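Q: only geometry, no sequence info:
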């Protein structure tokens, strides 16, 4: 029983990170029909940007800020202007393939500049345990959960409670009408790219101390987050959050109660079942767009 | 007068060279590519040993000579280089260091009837019935019984959790250690296979925690070792941790930080060993090359002294009888200081030698104990 509790906590912590990455997936899809297959590499890269900043002498806090800002420029602004904008005119599929190429490019570039070996990465949460319901729970797991929840709450507040958020919703749901009533649609789309870049940089900061900084560490994450987004509902932020948490917990339970070898297959099975019986996703709504 | 002296000197020199042609060794090693550190250490160890031996008059009055070829850390290139080296009919072939390269080159040397002294450590290398292949370090079949003995005798563990990586390396080690632990009477209460490149060890550590073992044996590659060490610490597992070089290596310590402290590992060769002859080797090597060698430097050095001891045992330079003589041979460091520690070669070319128990203390490897030869 204590084992189950530990697994749930660890699963929720991993799931929260999947959720952050999955939310980014849905945001990009909603506003610009971009399926970003480089999303996993987007999570891997910021950690290396932060490491590079520390390498030239920046303290950790400054490296975090620089890393997040650089990520927003590279993975938000440059990604949209140099890859998405020129490719989008040619449809969803060519753009998706272009992001696959981008994923390979990012991975190889990191390998070239930082070597293929893993590097350690400092944790923003101190190591140690606290007692929850007489169970020892690691501060790291709790830290990851808290930061991820704060980010998601902040994002939903922005989208639902502010004028800016309403404009983004409008731009996503019906760009033509939004434009007529004076919503700066292009700027709203750019904003979602910047938010996505911020979220992946945050995920990078949270996951890399546990997974280590390595060029290939985005592969698993990108896949898990993609599945989470589909399972939860590709057109709903709350769906992506639920999907992320569900996949994180399921993955840990499967590794413990099914087998380590087949753990990666369990989320896929869930994905197949969801697509067969509820194609719009657990919390998604059919034929509707909203952020 | 001057010219007579010169003439006499020349005559002596010519006579010496005519009577004592050098003994030719061929080395194929990872001098570039991913294994460059391995191969360069190995090569430097060889050169140092040859320099020492030649300075003292060579082997049976003949100087040693070696040619170095680069395998580029690539088994295909290694094969071509070994073929080229064998065509020159060397006395003994040295290298390569990578098990994969050894695997593809060993049949060539065996076919030519030339003994091959190499650096690979995969268990399977000496299990294919090759009569010409010799190790310079432990294979898994030699190191794992020592590990099991230490877990049973010194850690006094009645129950053990075994975590291993699901590839040839991990499975090979796991099979030997589980068999040995059970033979000694330590029960394996958790037998966990993990994947190469696995990032999340929460579930595996959860299972270890649930099994509540007296000791945990961790047999993973370096990066995964670091991740599981962190997770073991995160989940508060307090059972002592035992592994091999891959659990307590410098890279693991760098990646795992604090979490590596207290982990113990069995190490076949280390330049930190509390053995005077090894300390002497380390000093001479550092002086010549301006850096501290790793265990591959030791391996290359030992390979040349294996050639010397075996040849002196035979009393002649006989390439064909070399392998037969080295099988079953025990070389004592008292007789041949260059061999550094007493060593016995089995009929399969595996070695038995004392080894070391290393513990990570405050981020440093500390040799805690010398583990004796098995036989």
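A: Happy to help now that I have it. Model, not experiment: these values are computed from the prediction.

Q: shaky segments in chain A?
A: A:1-2, A:286-291 (pLDDT under 70).

Q: top helix in it by residue count?
A: Scanning chain A for the helix with the most residues, using DSSP state H, yields helix A:2-32.

Q: Show me which positions of the helix or strand containing residue B:253 end up buried.
A: Taking DSSP states H and E as the criterion, residue B:253 maps to helix B:250-256. By 16 or more other Cβ atoms under 10 Å in any protein chain shown, the buried positions in helix B:250-256 come out as B:251-256. In short, each C-beta sits where N, CA and C put it, glycine included.

Q: same check, this time on stretch B:217-235
A: Buried residues in stretch B:217-235, counted by 16+ other Cβ under 10 Å: B:217-235.

Q: again, but for stretch A:23-37
A: A:23-32, A:34-37.

Q: Stretch B:365-375 too?
A: Applying a neighbour-count criterion of 16+ other Cβ under 10 Å, one finds B:365, B:371, B:373 buried in stretch B:365-375.

Q: Please produce CSV containing those, extended by secondary structure.
A: Formatted as CSV, the buried residues of stretch B:365-375 follow (DSSP: H, G, I helix; E, B strand; the rest coil):
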residue, secondary structure
B:365, strand
B:371, strand
B:373, coil
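
Q: Would you format those as JSON lines with distance to residue B:195 included?
A: Putting these into JSON lines (distance: Cβ to Cβ, whole Å) gives the following:
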{"residue": "B:365", "distance to residue B:195": "27"}
{"residue": "B:371", "distance to residue B:195": "31"}
{"residue": "B:373", "distance to residue B:195": "36"}
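
Q: Need the worst-confidence member of the residues you listed.
A: Lowest pLDDT within these is found at residue B:373 (87).

Q: That one: what's it in contact with?
A: B:342, B:344, B:352-354 (Cβ atoms under 8 Å, 6 or more residues apart in numbering or on different chains).

Q: what two of the residues you listed are the furthest from one another?
A: Farthest pair in the contacts of residue B:373 (Cβ to Cβ) is B:344 and B:354. Separation: 10.9 Å.

Q: out of the contacts of residue B:373, which is most surrounded?
A: Per-residue neighbour counts (other Cβ atoms under 10 Å in any protein chain shown) across the contacts of residue B:373 peak at residue B:353, which has 23 neighbours.

Q: Now do the contacts for the nearest residue to that residue once chain neighbours are set aside.
A: Nearest non-adjacent residue to residue B:353, counting by Cβ to Cβ, 6 or more residues apart in numbering or on different chains: residue B:343, 4.5 Å away. Shown in contact with residue B:343 (Cβ under 8 Å, 6+ apart): B:302, B:330-331, B:351-353.

Q: Distance to residue B:195, pLDDT and secondary structure added to those residues, as TSV?
A: TSV is the format used below for the contacts of residue B:343 (distance: Cβ to Cβ, whole Å; pLDDT from 0 to 100; DSSP: H, G, I helix; E, B strand; the rest coil):
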residue	distance to residue B:195	pLDDT	secondary structure
B:302	35	97	helix
B:330	42	96	strand
B:331	41	96	strand
B:351	32	93	strand
B:352	33	93	strand
B:353	33	94	strand
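
Q: any idea which of these is closest to chain A?
A: For the contacts of residue B:343, the closest approach to chain A (Cβ to the nearest Cβ) belongs to residue B:302, at 27.9 Å.

Q: what number of residues lie near the closest one?
A: 29.

Q: same check, this time on the one 4 residues further on
A: When counting by other Cβ under 10 Å, one arrives at 28 neighbours for residue B:306.

Q: who's in contact with it?
A: Counting by Cβ under 8 Å, 6+ apart, residue B:306 has contacts B:117, B:134, B:136, B:326, B:331, B:339.

Q: Tell me the residues on the stretch 1-150 of chain A that lie near chain B, please.
A: Residues of the stretch 1-150 of chain A that fall close to chain B, judged by Cβ under 8 Å from any Cβ of the partner chain: A:3, A:6-7, A:10-11, A:14, A:117-120, A:127, A:129, A:136, A:138, A:140-141.

Q: Which pair in these has the greatest spatial separation?
A: Checking the residues of the stretch 1-150 of chain A next to chain B with Cβ to Cβ, the most distant pair is A:3 and A:117, at 33.2 Å.
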